[in-house]
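Undergrad: Based on what follows, work out the 3D shape:
(one chain, ligands or ions: 1)
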Amino acid sequence: MLDTQPDEGYTTADGRKIGGVAMEMKNITLRFGGVVAIKDISFDIRWGEVRAIIGPNGAGKSSMLNVISGFYNPQEGEVIYKGYRRPRMRPYQVARTGIARTFQNIALFEGMSVLDNIMTGRLNHMKANIFQQAMWWGKAQKEEEENREKVEKVIDFLEIQHIRKTPVARLPYGLKKRVELARALAAEPSILLLDEPMAGMNVEEKEDMCRFILDVNDEFGTTIVLIEHDMGVVMDLSDRVVVMDYGKKIGDGTPDEVRNNEEVIKAYLGVTDD
Ligand SMILES: Nc1ncnc2c1ncn2[C@@H]1O[C@H](COP(=O)(O)OP(=O)(O)OP(=O)(O)O)[C@@H](O)[C@H]1O
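TA: Numbers count the residues shown, from 1 in each chain. Presented below is the predicted three-dimensional model:
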C-alpha cells in the first residue's frame, strides 16, 4: 500500500535538486532487553540527499543505521521504502533493494587484494549459478565481464588504481576506509549508509573522503546517510541533519537550523555560558 505520496522535493542553497521521499522511518522503537536504544523516532530521507545522523556516544545512531540496513528489526514502528511498508527482512535482502553500507570498524577481507575485496560488493548482482560459473559458460562469462567493468569504474573514480593488487592488510587506515567505500559503491546502491566514514583519519584523509562522498552524491546521484562525529564535516557535507540523544530525536533540519536549535546546543554541542 502506498503510504507516502511522491512530492517535488526541494532545491538546496547551492542549487542541487533533491527529490521526493525515498525512505520514511515512522515511530521507530528499538530495545535491547531493558535498554531502549531508539525511542519513537520518525524522520525521512529524500532521494539525492546527504542526510546526517549525529549525537553523543550511545545516542542510538548506529542502531538507527542498523535498522535502515535491516541488521535490526525494530519492535515498534515502520520503515517505508519507495512508498511501501518494508516487511521484516534480513540484511542481504535489504541489500538487494539497493541499500549498501560501510561499517564503523573496517570490515574488509584483510588477506585479499583490494580488487577482490571490491568484487565482493558485486555479489548481489551475480545471477549465474555455480555450475555455469564452473563451466565459464556464456551467461557467467558475460556477467563476470560486466562486474569487472563496474568495479574498474569504481577503482578509477576513487583513485585507487595504484593499490588494486595490494592485500588490504598492507594499506594505511585512510586507504582501507576508501576501499570499504569502493566495495559499497560497487553494489551500485541507491542509498549508501556510511557509519563514521572519517573516524580515525588525519586531516588530509578526511578532506579526501569528504570530496569522494560529495563526488559520489553528485556523479551517481546516490542518496547518502552518514553518521559522523566531526561537526565541521557534518555541517559541510549534509543537506539535512537528524540529531539524537539518549535514543530520542532532539533536532531535525538543515545544518544551520540544527546549529541554532537550543536543545541541540545544550545536549550535544556543549556550548558553555561564557
Ligand atoms: N547489540 C546490542 N545489545 C545491547 N545493547 C546495545 C546493542 N547495540 C547498542 N546497544 C545499546 O544501545 C544504545 C545505543 O547504542 P548505539 O551504538 O546505537 O549508539 P551510537 O550513537 O551509535 O554510539 P557511538 O557514537 O558510541 O557509536 C547504547 O546504550 C548501547 O549500549
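
Undergrad: the domain parsing of this structure - what is it?
TA: According to automatic domain parsing, the chain comprises the domains 1-98+191-274, 108-188.

Undergrad: Helices of the stretch 1-150 of the chain, start to end?
TA: Taking DSSP state H, counting those that start in this stretch, the helices of the stretch 1-150 of the chain run over residues 61-68, 91-96, 114-120, 130-135, 138-157.

Undergrad: Just the residues contacting stretch 69-82, thanks.
TA: Residues outside stretch 69-82 that contact it (Cβ atoms under 8 Å, 6 or more residues apart in numbering) are 3-4, 21-31, 38, 40-42, 63, 66-68, 85-86, 88-91, 93-95, 97, 99, 101, 193. (Glycine included, C-beta is placed from N, CA and C.)

Undergrad: For this protein, which residues are neighbours of the ligand?
TA: Within the chain, the residues that sit near the ligand (Cβ under 6 Å from any ligand atom) are F32, V35, A37, G55, N57, G58, A59, G60, K61, S62, S63.

Undergrad: Filter those residues down to the buried ones.
TA: Buried members of the residues of the chain next to the ligand, counted by 16 or more other Cβ atoms under 10 Å: A37, G55, A59, G60, K61, S62, S63.

Undergrad: residue contacts, I224?
TA: Neighbouring residues of I224 by Cβ under 8 Å, 6+ apart: E49, V50, R51, I191, L192, L194, I213, V216, N217.

Undergrad: what do you get if the cut-off is 7 Å, keeping everything else the same?
TA: By Cβ atoms under 7 Å, 6 or more residues apart in numbering, I224 lies in contact with V50, R51, L192, L194, I213, N217.

Undergrad: and it, what element?
TA: Taking DSSP states H and E as the definition, I224 sits inside strand 223-227.

Undergrad: Mean confidence (pLDDT) on that strand, please.
TA: When pLDDT is averaged over strand 223-227, the result is 97.

Undergrad: what sits up against the helix or strand just after that strand?
TA: Later in the chain than strand 223-227, the nearest helix or strand by DSSP H and E is helix 231-237. The contact list for helix 231-237 (Cβ under 7 Å, 6+ apart) reads V50, A52, I54, M198, K206, C210, I213, L214, E228, V241, P255, R259.

Undergrad: buried subset of these?
TA: Taking 16+ other Cβ under 10 Å as the criterion, what is buried in those is V50, A52, I54, M198, K206, C210, I213, E228, V241, P255, R259.

Undergrad: Number of residues surrounding G34?
TA: G34 has 5 neighbours, counted by other Cβ atoms under 10 Å.

Undergrad: show me what contacts it?
TA: By Cβ under 7 Å, 6+ apart, the contact list for G34 is empty.

Undergrad: what's the least confident stretch among the domains of the chain?
TA: Within those, confidence is poorest for domain 108-188, with a mean of 85 (mean pLDDT).

Undergrad: Show the end-to-end separation of that domain, please.
TA: 18 Å (Cα to Cα, to the nearest Å).

Undergrad: again with stretch 51-68
TA: Chord length of stretch 51-68, first to last residue, is 13 Å (Cα to Cα).

Undergrad: go on, stretch 98-111?
TA: Terminal residues of stretch 98-111 are spaced 27 Å apart (Cα to Cα).

Undergrad: Stretch 107-116 too?
TA: This stretch, stretch 107-116, spans 14 Å end to end (Cα to Cα).

Undergrad: Contacts for it, please.
TA: Against stretch 107-116 from outside (Cβ under 7 Å, 6+ apart): 117, 151, 160, 163-169, 176, 179-180.

Undergrad: Spatially, which two of the residues you listed are the most separated?
TA: The largest separation in the contacts of stretch 107-116, counting by Cβ to Cβ, is between V151 and A169 at 19.9 Å.
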